[in-house]
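Trainee: can't give you the sequence, but here's the structure:
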């Protein structure tokens, strides 16, 4: 199978062994799917990797997040495809095929929660659980035109979820509507309220707007105008919000380095001992970035992350929200995906934007607001740490 | 070897392969040890368990927290013993012996960071890294008469650290002095400041005082008087701070159940597939609690945890600190440790107190303030989430 063969479109599901809800609850009547890096009892958690499957056995119990959804009345529909080792934002898997992007069939779905996004966008599930470390919920949600949510880091249990880079790993969701997303997040966050924080103003992050594709900017203008009508707004650069040296390129470099160091903690011994089957792309990333990251300078990068996190937290604590396009480029066409493309600017540009939330531990929501040339466009909002339910309420109000 | 043989006192170290600092830094001149559930490159991370060692290979890189300390000038002295699978608060390991409690040689050191506490209390290291899920730093720090710190959940990277129950797992430290603890935490939290939060008052947690051994209460009175001299103080029950049904027994039940569910996610498949060698005590806990926890009621317990966390957070956000004895019982004598003792009230009483921080994600510090009958007594303080450096500064001021 050739990962660059654009005809290699596949079912978003890995398996379709359903599980009935344990009891009635808030999620009555809703069906969901779960990404294949989250444990479902008695099925090997495949991680989008034949090398992983061949060296691991099946879990004996479901991940905690899956138990929560079954506790609350949700019906489990099956497991969805992941990019190999969840180590990509593209959504192309050379071993198992590329889940369809139903809103833009000639475009990639985005990854690594590719099957989850595809299943929701295709109407095969009301919502789906995925994971987001450096954008793996947000990018596919935007590409496939569905709602996507990365929670405050640590807010949802990762027990029974395969680790990638624990300081950044989150369990998040993709949903057909904001109302479904709100119900599901209330269950996963185990919150009894819809959030009590009022937001005083929205800050457009100028760096991201400046980087964005013209077509994206044109199409989100009505949404931005609507925000301006109902909220106090301002436009600031990241350098003004945080520190003078901060921009998306700097954020990409910090996040890329810190992810690399933790990813080698996660996979190093396995790679060395098991010599698992890997695609050439993942093999290159693991050896070229993760293994070769200079661990003697971790501390300075962690200090930079913490300073950024503190500045973002201080800025947002007064009831502000950040707003920017979820991705600065439209979903790439399937026939664009070549080794040269993957080594180019698309990934650094996407990761630099994703890094705002990944590095600051804050929650981020992306909502589908438009299409450009038939390709979905997502708009993102970030609130302060822990204000997850309030952020979702805000977006649902915005969307009515 | 008999785990109940009180003569089975052993070296706190598992291995003594030292690593020189990568570069000079804030930790110049300080030596440290690392608990044997934290990766050190090229040595199998043993988890206090021969069954674990026999089924795992050595990591290829150090845990992120170890890299941070080496980056900052610390000298690594070796790896310290852990209770089997970090699944105990006692400090007795039937396979590898019980690290000496040098301050009270006829008493247990406490666990599961038993070797780390013993090494620090014995002067074999200036500080040591351990982990704390349900009290595994706090109890041994108190028993051995050293400073101990459990950080805000998620504040220190757990990459390269063996998981037990991820929603509760933290990397924490044991230190000979508050000043050393402050330096080390500044490095591990990657913070450039000593904390800027001022605390307005100290709240004595009445439930814990009511449960405490008379000898402990007598000996901490001077410390409490000193706090009353310099701070506004009040005494409240947990039910007044949070909700009417909350007390330490309820907290123990919630924490015990939630730990059990996540621990079975961590170990279930390994136990089933590898049938590892386990002590009878751990075997009983794994099958009697972890495997048999009713997963169909996880959600109600997670909602109870979140409600408790929100109430504690609201109470502390105005600059309050909680204060109570770290343990309500003196460290048990070695000759007391029998199966009957372990099935008795000691563990539930200890865990009920530890659960205040474990369930609310808040940081907790324990400082050695007295001895009762020659046995160290620790006093604990909890601040709001993320106020770690301020909490340490407060305790250092208190101690001068």
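Mentor: Alright, I've got the coordinates. Being a predicted model, the structure only gives us computed values, none of them experimental.
Trainee: Please count neighbours and contacts with C-alpha atoms only from this point.
Mentor: OK.
Trainee: Which helix or strand contains residue A:397?
Mentor: The secondary structure element spanning residue A:397 is helix A:388-398 (assigned by DSSP states H and E).
Trainee: so what does that helix touch, helix or strand wise?
Mentor: Other helices and strands packing on helix A:388-398, by 3 or more Cα pairs under 8 Å, 6 or more residues apart in numbering or on different chains; DSSP states H and E, are helix A:178-188, strand A:364-372.
Trainee: And the contacts of the first one?
Mentor: Here helix A:178-188 makes contact (Cα atoms under 8 Å, 6 or more residues apart in numbering or on different chains) with A:26-27, A:65, A:68-69, A:72, A:126-127, A:147, A:156, A:173-175, A:192-194, A:367, A:389, A:392-393, A:395-396, B:299.
Trainee: Which positions in it come out as buried?
Mentor: A:178, A:180-182, A:184-188 (16 or more other Cα atoms under 10 Å in any protein chain shown).
Trainee: any idea how chain A splits into domains?
Mentor: For chain A, automatic domain parsing gives the domain ranges A:9-188, A:201-362.
Trainee: thinking again about what came up before, same list, the buried residues of helix A:178-188, but as CSV with pLDDT please.
Mentor: Shown next, in CSV, are these (pLDDT from 0 to 100):
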residue, pLDDT
A:178, 98
A:180, 98
A:181, 98
A:182, 97
A:184, 98
A:185, 98
A:186, 98
A:187, 98
A:188, 98
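Trainee: picking that back up, can you tell me which of the domains of chain A is most buried?
Mentor: When you average the neighbours per residue for each of the domains of chain A (mean count of other Cα atoms under 10 Å in any protein chain shown), domain A:9-188 leads with a mean of 25.
Trainee: just to revisit the earlier point, and the domains of chain A: which comes nearest residue B:241?
Mentor: For the domains of chain A, proximity to residue B:241 was assessed by Cα to Cα; domain A:9-188 is nearest, at 22.4 Å.
Trainee: Mind jotting down where the helices sit in chain A?
Mentor: For chain A, the helices defined by DSSP state H occupy A:50-53, A:64-71, A:114-121, A:138-144, A:178-188, A:206-211, A:214-230, A:238-241, A:248-274, A:280-285, A:298-316, A:339-342, A:346-360, A:388-398.
Trainee: what sits against whichever residue of the stretch 201-350 of chain A sits closest to chain B?
Mentor: For the stretch 201-350 of chain A, the residue positioned closest to chain B under Cα to the nearest Cα is residue A:303, at a distance of 4.6 Å. Under the criterion of Cα under 8 Å, 6+ apart, the contact list for residue A:303 reads B:190-192.
Trainee: go with 10 Å
Mentor: When contacts are counted by Cα atoms under 10 Å, 6 or more residues apart in numbering or on different chains, residue A:303 is found next to A:309, B:186-192.
Trainee: Near chain B, which residues of the stretch 301-400 of chain A? Just list them.
Mentor: Within the stretch 301-400 of chain A, the positions near chain B by Cα under 10 Å from any Cα of the partner chain are A:301-307, A:310, A:361.
Trainee: actually the stretch 101-250 of chain A, sorry about that
Mentor: For the stretch 101-250 of chain A, the residues found near chain B under the criterion Cα under 10 Å from any Cα are A:153-161, A:163-168, A:186-192.
Trainee: same thing but 7 Å
Mentor: Proximity of the stretch 101-250 of chain A to chain B is assessed by Cα under 7 Å from any Cα of the partner chain, with A:154, A:157-160, A:165-167, A:190-191 identified as the residues in range.
Trainee: Next, give me the two most distant ones among those residues.
Mentor: Of all the pairs that these form, the one spanning the most space (Cα to Cα) is A:165 and A:191, at 26.1 Å.
Trainee: quick one, phi psi at the nearest residue to residue A:28 once chain neighbours are set aside?
Mentor: Nearest residue to residue A:28 in three dimensions, chain neighbours excluded: residue A:73, at 4.7 Å (Cα to Cα, 6 or more residues apart in numbering or on different chains). Summarising the backbone geometry of residue A:73 under the convention degrees, to the nearest 10, its torsions are phi 100, psi 0.
Trainee: Skipping its backbone neighbours, what lies nearest residue A:72 in space?
Mentor: When the adjacent residues along the chain are set aside, residue A:72 lies closest to residue A:25, with 4.4 Å between them (Cα to Cα, 6+ apart).
Trainee: any idea how far residue A:170 is from the most centrally placed residue in chain A?
Mentor: A centroid search over chain A (Cα atoms, centre = their mean) returns residue A:137, at 2.0 Å, as the residue closest to the centre. Taking Cα to Cα, to the nearest Å as the measure, residue A:137 falls 9 Å from residue A:170.
Trainee: Give me the common contacts of the two.
Mentor: A:131, A:150 (Cα atoms under 7 Å, 6 or more residues apart in numbering or on different chains).
Trainee: Need the pLDDT of whichever residue of the stretch 101-250 of chain A sits closest to chain B.
Mentor: Ranking the residues of the stretch 101-250 of chain A by distance to chain B (Cα to the nearest Cα) places residue A:190 first, at 4.6 Å. Listed pLDDT for residue A:190 reads 98.
Trainee: Then the one 5 residues further on?
Mentor: Residue-level confidence at residue A:195 comes out at 76, pLDDT.
Trainee: need the contact list for residue A:170.
Mentor: Contact partners of residue A:170, counting by Cα under 7 Å, 6+ apart, are A:131-133, A:150-151, A:153-154, A:158.
Trainee: same question, residue A:132
Mentor: When contacts are counted by Cα under 7 Å, 6+ apart, residue A:132 touches A:150, A:169-172.
Trainee: In contact with residue A:355, which residues are there?
Mentor: Taking Cα under 7 Å, 6+ apart, we find residue A:355 in contact with A:134, A:251-252, A:255.
Trainee: ok, 8 Å please
Mentor: Residue A:355 makes contact with A:134-135, A:248, A:251-252, A:255, according to Cα under 8 Å, 6+ apart.
Trainee: try residue A:11
Mentor: Under the criterion of Cα under 8 Å, 6+ apart, the neighbours of residue A:11 are A:98-100, A:115.
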